[in-house]
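Q: this is a predicted model, with the sequence first.
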Amino acid sequence: GAKEGDDILVTKWAGMEGTSVLVRDFPEEFKSVLTESELKVASDLLWTVSVTKDGAIAAENGASGCHDATEGGVLGAIYEVCEASGLGAEVDADRIPILPVTAKVAEFTGIDPLKLVSSGCLVITAKNGAVLREVYRKCGLQAEVVGKMTSGSRILRRNGKETQLEPPVSDELWRAR
């Protein structure tokens, strides 16, 4: 249902599920990288993977489309929204929310948190993303406008560079070292 000109929003944080899976499956490896508090935060992310509330808020507030950022992460989900709608997008990857603990896990394992399984993180398209972002925040959920749907190509801006948004190949979870 995404439409040209719609804003692209992301709820919660990229890489949530993957962060939890890695820390839960390999706790000993992360003890040298994360504090006890960070280990708990990462492990507990598994309990935040539902998008039920996120989706209900989107539906009640005029969103044109929604997609749970599962395998392939947030960037994979945005690409799939483009494919499903036959549209392009301009995405500012630096605006995609990432928890500090996910950034640490990604750096330690050499993976891209924006391509890491992100169940619980919802990608939404809506006419007025700033208004919807505020609705989410009033409901106690993190949300950020990260781009716009276009009729053109699929552009990814990240760290001052512009590239094409690529289709997901495999999830970063499988590349973690």
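A: It's in.

Q: name the residues of the longest helix belonging to the chain that are buried.
A: Secondary structure of the chain read by DSSP state H shows that its longest helix is helix 73-85. Neighbour counts over helix 73-85 (16 or more other CB atoms under 10 Å) mark Gly73, Val74, Leu75, Gly76, Ala77, Ile78, Tyr79, Glu80, Val81, Cys82, Ser85 as buried. C-beta coordinates here come from the backbone N, C-alpha and C atoms, glycine included.

Q: past it, which element shows up next along the chain?
A: Per DSSP states H and E, helix 73-85 leads on to strand 88-92 as the next helix or strand towards the C-terminus.

Q: show me the contact partners of that next one.
A: Applying CB atoms under 8 Å, 6 or more residues apart in numbering, the contact partners of strand 88-92 are 8, 75, 78, 81-82, 146-157, 165.

Q: now the strands for this structure?
A: Using DSSP state E, the strands found in the chain span residues 7-11, 65-68, 88-92, 122-126, 143-150, 154-158, 161-164.

Q: let's have these in TSV, adding mean pLDDT, mean neighbour count and distance to Ala103.
A: TSV is the format used below for the strands of the chain (pLDDT from 0 to 100; neighbours: other CB atoms under 10 Å; distance: least, CB to CB, whole Å):
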stretch	mean pLDDT	mean neighbour count	distance to Ala103
strand 7-11	98	25	16
strand 65-68	96	20	22
strand 88-92	98	20	17
strand 122-126	98	28	20
strand 143-150	98	21	15
strand 154-158	98	18	14
strand 161-164	97	10	19
